[in-house]
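Visitor: I'll drop the sequence and a predicted model, then ask my questions.
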Amino acid sequence: MRLSDVRRGRKVASGCTEATGRAGAPFDNAPMPSTRKTHIDALAISLLLACCMFWGFQQVLVKATVAEVAPVFQAFVRFALATVAVAAWCLWRGVSLSGAGEPAGATRAGLLAGALFAGEFACIYLGLQYTTASRLTVFLYASPFWVALLLPRFIPGERLQGWQWLGLAAAFVGVGLALGDGLLGHASTALPQGWLGDLLGLAAGLMWALTTVVIRTTPLARVAPAKQLFYQVAVSTAVLPVLSLGLGEAWVWQFSGFAWGSLLVQALVGAFVSYLAWMWMLAHYPATKISVFVFLTPVFALLFGALWLGEPVTPGLVAALVLVAAGIVLVNRRPAG
(Lines give C-alpha, C1' and ligand atoms only; values in the text may rest on other atoms or scores of the structure.)
Protein backbone atom coordinates (compact mmCIF):
# COMPACT_ATOMS: atom_id res chain seq x y z
CA MET A 1 0.00 0.00 0.00
CA ARG A 2 1.19 3.52 -0.78
CA LEU A 3 1.09 6.03 2.04
CA SER A 4 -0.17 8.54 -0.48
CA ASP A 5 -3.34 6.44 -0.75
CA VAL A 6 -3.89 6.87 2.99
CA ARG A 7 -3.33 10.61 2.83
CA ARG A 8 -6.02 10.81 0.19
CA GLY A 9 -8.32 8.94 2.57
CA ARG A 10 -8.29 5.81 0.45
CA LYS A 11 -7.40 2.81 2.59
CA VAL A 12 -6.14 -0.24 0.75
CA ALA A 13 -6.40 -3.59 2.44
CA SER A 14 -4.09 -6.47 3.16
CA GLY A 15 -5.75 -8.58 0.57
CA CYS A 16 -5.84 -6.10 -2.28
CA THR A 17 -6.40 -2.60 -3.50
CA GLU A 18 -8.38 -2.48 -6.67
CA ALA A 19 -8.50 -6.25 -6.49
CA THR A 20 -11.68 -7.22 -4.71
CA GLY A 21 -15.19 -6.34 -3.87
CA ARG A 22 -17.62 -7.42 -6.59
CA ALA A 23 -20.51 -9.22 -4.97
CA GLY A 24 -20.20 -12.95 -5.40
CA ALA A 25 -16.61 -12.74 -6.64
CA PRO A 26 -14.53 -11.15 -3.90
CA PHE A 27 -11.16 -12.65 -4.83
CA ASP A 28 -10.74 -11.81 -8.50
CA ASN A 29 -9.53 -8.65 -10.20
CA ALA A 30 -12.77 -6.69 -9.89
CA PRO A 31 -12.45 -3.09 -8.71
CA MET A 32 -12.57 -2.67 -4.97
CA PRO A 33 -15.11 -0.27 -3.46
CA SER A 34 -13.68 3.19 -2.88
CA THR A 35 -14.50 3.03 0.83
CA ARG A 36 -13.98 0.37 3.45
CA LYS A 37 -16.18 -0.33 6.42
CA THR A 38 -14.91 1.16 9.65
CA HIS A 39 -16.56 -1.47 11.87
CA ILE A 40 -17.18 -5.17 11.56
CA ASP A 41 -20.68 -6.43 10.82
CA ALA A 42 -22.57 -9.71 11.20
CA LEU A 43 -21.03 -11.20 8.05
CA ALA A 44 -17.52 -10.48 9.24
CA ILE A 45 -18.24 -11.86 12.71
CA SER A 46 -19.63 -15.09 11.23
CA LEU A 47 -16.63 -15.57 8.94
CA LEU A 48 -14.18 -14.71 11.70
CA LEU A 49 -15.73 -17.21 14.11
CA ALA A 50 -15.72 -19.95 11.47
CA CYS A 51 -12.09 -19.26 10.57
CA CYS A 52 -10.93 -19.11 14.18
CA MET A 53 -12.78 -22.29 15.07
CA PHE A 54 -11.16 -24.15 12.18
CA TRP A 55 -7.69 -22.75 12.90
CA GLY A 56 -8.01 -23.87 16.50
CA PHE A 57 -8.98 -27.34 15.31
CA GLN A 58 -6.21 -27.32 12.73
CA GLN A 59 -3.40 -27.04 15.30
CA VAL A 60 -4.72 -30.16 17.04
CA LEU A 61 -5.10 -31.92 13.68
CA VAL A 62 -1.50 -31.11 12.70
CA LYS A 63 -0.17 -32.40 16.01
CA ALA A 64 -2.16 -35.61 15.63
CA THR A 65 -0.72 -36.09 12.13
CA VAL A 66 2.90 -35.37 13.14
CA ALA A 67 3.02 -38.84 14.70
CA GLU A 68 2.72 -40.28 11.18
CA VAL A 69 4.07 -37.60 8.83
CA ALA A 70 7.29 -35.66 9.55
CA PRO A 71 6.45 -32.02 10.42
CA VAL A 72 8.11 -29.95 7.69
CA PHE A 73 7.41 -32.65 5.09
CA GLN A 74 3.76 -32.52 6.21
CA ALA A 75 3.75 -28.75 5.70
CA PHE A 76 5.30 -29.20 2.25
CA VAL A 77 2.62 -31.68 1.13
CA ARG A 78 -0.06 -29.39 2.51
CA PHE A 79 1.12 -26.35 0.57
CA ALA A 80 1.87 -28.31 -2.59
CA LEU A 81 -1.79 -29.37 -2.64
CA ALA A 82 -2.86 -25.83 -1.76
CA THR A 83 -0.73 -24.39 -4.59
CA VAL A 84 -2.64 -26.51 -7.10
CA ALA A 85 -5.97 -25.37 -5.64
CA VAL A 86 -5.03 -21.68 -5.57
CA ALA A 87 -3.58 -21.82 -9.10
CA ALA A 88 -6.79 -23.40 -10.38
CA TRP A 89 -8.83 -20.70 -8.63
CA CYS A 90 -6.70 -17.95 -10.16
CA LEU A 91 -7.04 -19.39 -13.65
CA TRP A 92 -10.80 -19.78 -13.20
CA ARG A 93 -11.17 -16.21 -11.96
CA GLY A 94 -8.89 -14.79 -14.65
CA VAL A 95 -6.11 -13.80 -12.22
CA SER A 96 -2.78 -13.92 -14.03
CA LEU A 97 -0.09 -16.03 -12.39
CA SER A 98 2.72 -14.19 -14.17
CA GLY A 99 4.33 -10.98 -13.00
CA ALA A 100 3.26 -9.14 -16.13
CA GLY A 101 1.11 -6.14 -15.36
CA GLU A 102 1.90 -6.13 -11.66
CA PRO A 103 3.01 -2.89 -9.98
CA ALA A 104 6.77 -2.43 -9.80
CA GLY A 105 8.17 -4.23 -6.79
CA ALA A 106 5.12 -6.47 -6.29
CA THR A 107 6.97 -9.64 -7.29
CA ARG A 108 9.81 -9.00 -4.85
CA ALA A 109 7.31 -8.26 -2.10
CA GLY A 110 5.39 -11.42 -2.98
CA LEU A 111 8.53 -13.53 -2.70
CA LEU A 112 9.34 -11.92 0.65
CA ALA A 113 5.81 -12.54 1.94
CA GLY A 114 6.07 -16.13 0.74
CA ALA A 115 9.39 -16.66 2.51
CA LEU A 116 7.96 -15.29 5.77
CA PHE A 117 4.88 -17.46 5.33
CA ALA A 118 7.06 -20.57 4.84
CA GLY A 119 9.11 -19.69 7.91
CA GLU A 120 5.96 -19.23 9.98
CA PHE A 121 4.62 -22.67 9.16
CA ALA A 122 7.97 -24.37 9.52
CA CYS A 123 8.07 -23.00 13.08
CA ILE A 124 4.50 -24.13 13.73
CA TYR A 125 4.98 -27.69 12.51
CA LEU A 126 8.36 -28.10 14.21
CA GLY A 127 7.11 -26.52 17.42
CA LEU A 128 4.25 -28.99 17.69
CA GLN A 129 6.83 -31.73 18.23
CA TYR A 130 7.86 -30.16 21.53
CA THR A 131 4.79 -28.55 23.03
CA THR A 132 1.04 -28.98 23.06
CA ALA A 133 -1.15 -27.59 20.30
CA SER A 134 -2.89 -25.27 22.73
CA ARG A 135 0.31 -23.84 24.19
CA LEU A 136 1.90 -23.22 20.80
CA THR A 137 -1.30 -21.62 19.55
CA VAL A 138 -1.38 -18.98 22.28
CA PHE A 139 2.15 -17.85 21.38
CA LEU A 140 1.40 -17.94 17.66
CA TYR A 141 -1.64 -15.76 18.17
CA ALA A 142 0.34 -13.04 19.85
CA SER A 143 0.60 -11.90 16.22
CA PRO A 144 -2.10 -9.18 16.61
CA PHE A 145 0.15 -7.44 19.13
CA TRP A 146 2.93 -7.30 16.55
CA VAL A 147 0.47 -6.10 13.89
CA ALA A 148 -0.92 -3.40 16.19
CA LEU A 149 2.60 -2.24 17.04
CA LEU A 150 4.06 -2.30 13.53
CA LEU A 151 1.22 -1.41 11.16
CA PRO A 152 0.42 2.11 12.48
CA ARG A 153 3.99 3.13 11.61
CA PHE A 154 2.97 2.78 7.97
CA ILE A 155 -0.82 3.29 8.08
CA PRO A 156 -1.85 5.93 10.63
CA GLY A 157 -5.54 5.11 10.21
CA GLU A 158 -4.97 1.66 11.75
CA ARG A 159 -3.78 3.11 15.09
CA LEU A 160 -5.63 1.80 18.15
CA GLN A 161 -7.07 4.16 20.75
CA GLY A 162 -6.56 3.82 24.50
CA TRP A 163 -9.63 1.71 25.25
CA GLN A 164 -8.86 -0.48 22.24
CA TRP A 165 -5.42 -1.22 23.65
CA LEU A 166 -7.19 -2.21 26.85
CA GLY A 167 -9.36 -4.63 24.88
CA LEU A 168 -6.32 -6.09 23.13
CA ALA A 169 -4.59 -6.55 26.48
CA ALA A 170 -7.68 -8.17 28.00
CA ALA A 171 -7.85 -10.66 25.14
CA PHE A 172 -4.18 -11.54 25.44
CA VAL A 173 -4.44 -11.96 29.22
CA GLY A 174 -7.43 -14.21 28.59
CA VAL A 175 -5.61 -16.67 26.37
CA GLY A 176 -2.58 -16.53 28.65
CA LEU A 177 -4.76 -17.33 31.63
CA ALA A 178 -6.29 -20.28 29.81
CA LEU A 179 -2.82 -21.81 29.55
CA GLY A 180 -1.47 -20.54 32.85
CA ASP A 181 -1.66 -23.85 34.69
CA GLY A 182 0.26 -25.61 31.96
CA LEU A 183 2.88 -22.91 31.55
CA LEU A 184 3.63 -22.51 35.26
CA GLY A 185 2.76 -25.93 36.64
CA HIS A 186 3.42 -29.53 35.71
CA ALA A 187 3.88 -28.84 31.98
CA SER A 188 7.58 -28.07 32.44
CA THR A 189 8.02 -31.59 33.83
CA ALA A 190 5.74 -33.33 31.34
CA LEU A 191 7.26 -31.40 28.40
CA PRO A 192 10.96 -30.83 29.16
CA GLN A 193 11.50 -29.26 25.72
CA GLY A 194 8.24 -27.36 25.78
CA TRP A 195 10.11 -24.07 25.97
CA LEU A 196 11.52 -24.76 22.50
CA GLY A 197 8.04 -25.23 21.09
CA ASP A 198 6.92 -22.05 22.84
CA LEU A 199 9.77 -20.05 21.28
CA LEU A 200 8.98 -21.48 17.86
CA GLY A 201 5.35 -20.42 18.38
CA LEU A 202 6.46 -16.87 19.21
CA ALA A 203 8.72 -16.80 16.14
CA ALA A 204 5.83 -18.00 13.98
CA GLY A 205 3.59 -15.23 15.35
CA LEU A 206 6.19 -12.58 14.55
CA MET A 207 6.62 -13.88 11.00
CA TRP A 208 2.84 -13.90 10.55
CA ALA A 209 2.72 -10.25 11.61
CA LEU A 210 5.60 -9.34 9.30
CA THR A 211 3.79 -11.05 6.41
CA THR A 212 0.75 -8.88 7.11
CA VAL A 213 2.88 -5.73 7.21
CA VAL A 214 4.60 -6.63 3.92
CA ILE A 215 1.25 -7.17 2.21
CA ARG A 216 -0.25 -3.98 3.58
CA THR A 217 2.67 -1.60 2.97
CA THR A 218 4.23 -2.66 -0.35
CA PRO A 219 3.06 -2.75 -3.99
CA LEU A 220 1.82 -6.27 -3.23
CA ALA A 221 -1.24 -4.54 -1.73
CA ARG A 222 -2.31 -3.67 -5.27
CA VAL A 223 -2.29 -7.32 -6.37
CA ALA A 224 -5.41 -9.53 -6.26
CA PRO A 225 -5.65 -11.41 -2.94
CA ALA A 226 -5.76 -14.78 -4.69
CA LYS A 227 -2.44 -13.90 -6.34
CA GLN A 228 -1.04 -12.88 -2.95
CA LEU A 229 -2.04 -16.25 -1.54
CA PHE A 230 -0.49 -17.96 -4.56
CA TYR A 231 2.83 -16.27 -3.82
CA GLN A 232 2.69 -17.53 -0.23
CA VAL A 233 1.76 -21.16 -0.90
CA ALA A 234 3.97 -21.46 -4.01
CA VAL A 235 7.07 -20.08 -2.29
CA SER A 236 6.37 -22.36 0.67
CA THR A 237 6.16 -25.32 -1.72
CA ALA A 238 9.62 -24.41 -3.02
CA VAL A 239 11.24 -23.67 0.36
CA LEU A 240 9.81 -26.31 2.71
CA PRO A 241 11.11 -29.45 0.94
CA VAL A 242 14.64 -28.03 1.04
CA LEU A 243 14.28 -27.40 4.76
CA SER A 244 12.76 -30.85 5.28
CA LEU A 245 15.66 -32.58 3.55
CA GLY A 246 18.12 -30.39 5.43
CA LEU A 247 16.60 -31.57 8.71
CA GLY A 248 16.95 -35.18 7.60
CA GLU A 249 13.23 -35.95 7.58
CA ALA A 250 12.07 -39.20 6.02
CA TRP A 251 9.80 -38.80 3.00
CA VAL A 252 7.23 -41.57 3.20
CA TRP A 253 4.20 -41.51 0.92
CA GLN A 254 2.35 -44.54 2.30
CA PHE A 255 -0.03 -42.57 4.51
CA SER A 256 -3.05 -43.87 6.34
CA GLY A 257 -6.51 -42.70 5.36
CA PHE A 258 -6.49 -40.40 8.38
CA ALA A 259 -3.21 -38.77 7.33
CA TRP A 260 -4.40 -38.19 3.75
CA GLY A 261 -7.67 -36.78 5.03
CA SER A 262 -5.78 -34.51 7.41
CA LEU A 263 -3.53 -33.22 4.63
CA LEU A 264 -6.48 -32.57 2.33
CA VAL A 265 -8.36 -30.66 5.04
CA GLN A 266 -5.23 -28.68 5.93
CA ALA A 267 -4.66 -27.81 2.26
CA LEU A 268 -8.14 -27.14 0.93
CA VAL A 269 -9.79 -25.61 3.99
CA GLY A 270 -6.82 -24.41 6.01
CA ALA A 271 -4.54 -23.08 3.29
CA PHE A 272 -7.11 -22.15 0.66
CA VAL A 273 -10.69 -21.34 1.67
CA SER A 274 -9.98 -19.87 5.12
CA TYR A 275 -7.07 -17.72 3.91
CA LEU A 276 -9.00 -16.32 0.98
CA ALA A 277 -11.81 -15.46 3.38
CA TRP A 278 -9.29 -13.80 5.72
CA MET A 279 -7.79 -11.74 2.90
CA TRP A 280 -11.23 -10.69 1.73
CA MET A 281 -12.09 -9.50 5.24
CA LEU A 282 -8.82 -7.57 5.47
CA ALA A 283 -9.81 -5.91 2.20
CA HIS A 284 -13.11 -4.66 3.61
CA TYR A 285 -12.62 -4.17 7.37
CA PRO A 286 -9.94 -2.58 9.61
CA ALA A 287 -7.08 -5.05 10.14
CA THR A 288 -6.54 -4.17 13.80
CA LYS A 289 -10.19 -4.82 14.64
CA ILE A 290 -10.25 -8.09 12.75
CA SER A 291 -6.96 -9.27 14.20
CA VAL A 292 -8.23 -9.30 17.77
CA PHE A 293 -10.66 -12.07 16.88
CA VAL A 294 -7.77 -14.46 16.35
CA PHE A 295 -7.43 -14.55 20.14
CA LEU A 296 -10.40 -16.91 20.03
CA THR A 297 -8.32 -19.49 18.16
CA PRO A 298 -6.26 -20.60 21.20
CA VAL A 299 -9.49 -21.01 23.15
CA PHE A 300 -10.88 -23.23 20.40
CA ALA A 301 -7.55 -25.09 20.32
CA LEU A 302 -7.94 -25.78 24.04
CA LEU A 303 -11.47 -27.06 23.55
CA PHE A 304 -10.53 -29.34 20.65
CA GLY A 305 -7.40 -30.43 22.48
CA ALA A 306 -9.49 -31.43 25.47
CA LEU A 307 -12.00 -33.31 23.32
CA TRP A 308 -9.47 -35.07 21.08
CA LEU A 309 -6.16 -35.19 22.95
CA GLY A 310 -7.56 -35.35 26.45
CA GLU A 311 -6.05 -32.07 27.64
CA PRO A 312 -7.78 -30.89 30.81
CA VAL A 313 -10.22 -27.97 30.76
CA THR A 314 -9.51 -25.75 33.76
CA PRO A 315 -11.43 -22.84 35.30
CA GLY A 316 -8.89 -20.64 33.54
CA LEU A 317 -10.52 -21.56 30.25
CA VAL A 318 -13.84 -20.14 31.39
CA ALA A 319 -12.13 -16.95 32.56
CA ALA A 320 -10.31 -16.79 29.21
CA LEU A 321 -13.56 -16.95 27.29
CA VAL A 322 -14.89 -14.00 29.31
CA LEU A 323 -11.73 -11.92 28.85
CA VAL A 324 -11.49 -12.65 25.12
CA ALA A 325 -15.15 -11.69 24.63
CA ALA A 326 -14.60 -8.47 26.59
CA GLY A 327 -11.52 -7.67 24.54
CA ILE A 328 -13.39 -8.14 21.28
CA VAL A 329 -16.18 -5.85 22.46
CA LEU A 330 -13.70 -3.12 23.47
CA VAL A 331 -11.65 -3.23 20.29
CA ASN A 332 -14.75 -3.08 18.12
CA ARG A 333 -16.63 -0.51 20.17
CA ARG A 334 -18.00 2.30 18.06
CA PRO A 335 -16.72 5.76 18.97
CA ALA A 336 -19.23 8.00 20.70
CA GLY A 337 -21.07 10.22 18.27
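Guide: Nice, thanks for sending it over.
Visitor: hey, let's count contacts and neighbours off CA atoms from now on
Guide: Noted.
Visitor: for the stretch 1-150 of the chain, what spans make up the helices?
Guide: 3-7, 42-66, 71-93, 106-127, 133-140, 143-150 (DSSP state H, counting those that start in this stretch).
Visitor: Single out the most deeply packed of these.
Guide: helix 133-140 (a mean of 28; mean count of other Cα atoms under 10 Å).
Visitor: What is that helix packed up against?
Guide: Using 3 or more Cα pairs under 8 Å, 6 or more residues apart in numbering; DSSP states H and E, the elements in contact with helix 133-140 are helix 42-66, helix 106-127, helix 194-217, helix 296-304.
Visitor: The same query, at a cut-off of 10 Å, please.
Guide: Packing contacts for helix 133-140, counted by 3 or more Cα pairs under 10 Å, 6 or more residues apart in numbering; DSSP states H and E, involve helix 42-66, helix 106-127, helix 162-178, helix 180-184, helix 194-217, helix 296-304.
Visitor: Hey, what's the angle from it to helix 296-304? Just curious.
Guide: Going by axes from the mean of the first three to the mean of the last three Cα atoms, to 10 degrees, helix 133-140 is angled at 170 degrees with respect to helix 296-304.
Visitor: Pick out the residue nearest the middle of this structure.
Guide: residue 208 (6.5 Å; Cα atoms, centre = their mean).
Visitor: what sits against residue 152?
Guide: For residue 152, the contacting residues are 158, 159, 160, 213, 288, by Cα atoms under 10 Å, 6 or more residues apart in numbering.
Visitor: quick one: low-confidence parts of the stretch 151-300 of the chain?
Guide: 156-158, 175, 178-192 (pLDDT under 70).
Visitor: Same list (the helices of the stretch 1-150 of the chain) but as TSV, adding distance to residue 264.
Guide: Shown next, in TSV, are these (distance: least, Cα to Cα, whole Å):
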stretch	distance to residue 264
helix 3-7	39
helix 42-66	11
helix 71-93	7
helix 106-127	16
helix 133-140	19
helix 143-150	26
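Visitor: which of those helices has the lowest average pLDDT?
Guide: Lowest mean pLDDT within these: helix 3-7, at a mean of 28.
Visitor: To residue 243, which of the helices and strands packed on helix 133-140 lies closest?
Guide: Between residue 243 and those, the tightest spacing by Cα to Cα is seen for helix 106-127, at 8.5 Å.
Visitor: Now do the closest one: which elements does it pack against?
Guide: helix 42-66, helix 71-93, helix 133-140, helix 194-217, helix 225-246.
Visitor: for these, which one sits closest to residue 113?
Guide: It's helix 194-217; of the helices and strands packed on helix 106-127, that one is closest to residue 113 (Cα to Cα) at 5.1 Å.
Visitor: Next, the angle from that closest one to helix 133-140.
Guide: Orientation check (the same axes, to 10 degrees): helix 194-217 against helix 133-140 gives 40 degrees.
Visitor: that older thread, between the helices and strands packed on helix 133-140, which one is nearest to residue 258?
Guide: It's helix 42-66; of these, that one is closest to residue 258 (Cα to Cα) at 8.1 Å.
Visitor: which strands and helices sit next to the closest one?
Guide: Helix 42-66 packs on helix 71-93, helix 106-127, helix 133-140, helix 257-265, helix 274-284, helix 287-291, helix 296-304, going by 3+ Cα pairs under 10 Å, 6+ apart.
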